[in-house]
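>>> 3D model of this:
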Amino acid sequence: MEITEVRVHLRNEDKLKAFATVTFDNCFVVRNMKIISGNKGLILCMPSRKLPDGTYKDIAHPINMDFRKSLEDRVMSCYQEEVKKNGEKTV
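Residues are numbered from 1 along each chain as shown. Here you go, the predicted model:
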């Protein structure tokens, strides 16, 4: 599976830094990934929904660590480019 496009939409919020939309193989898209400022730096959060008990469950997510790492690396790289383009500070 190939990541064919990443779009990053910057946010001007304290914790939420951006939303990301990722297209795979030019035929499948995952929207609403979040780039969050955490205690140890930036975190890529998968799209999720709130359950009746107040917890959250991912709607879509990588199932192995190799793909998770390549996805995170690609999205974070695109995030850094977007921040540079807009002249904003990163975490």
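>>> all contacts plus neighbour counts: C-alpha atoms, from now on.
Will do.
>>> what's the longest strand in this protein?
Longest strand in the chain, counting residues (DSSP state E): strand 28-38.
>>> so how far is that one from its chain's centroid?
3 Å (CA atoms, centre = their mean, to the nearest Å).
>>> that strand - contacts with which helices or strands?
strand 16-24, strand 41-45 (3 or more CA pairs under 8 Å, 6 or more residues apart in numbering; DSSP states H and E).
>>> return the list of strands paired to it, each annotated with direction.
strand 16-24 (antiparallel), strand 41-45 (antiparallel) (DSSP bridges).
>>> what about the residue lying closest to residue 56 once chain neighbours are set aside, distance to residue 58?
Nearest residue to residue 56 in three dimensions, chain neighbours excluded: residue 50, at 4.5 Å (CA to CA, 6 or more residues apart in numbering). Distance, residue 50 to residue 58, by CA to CA, to the nearest Å: 9 Å.
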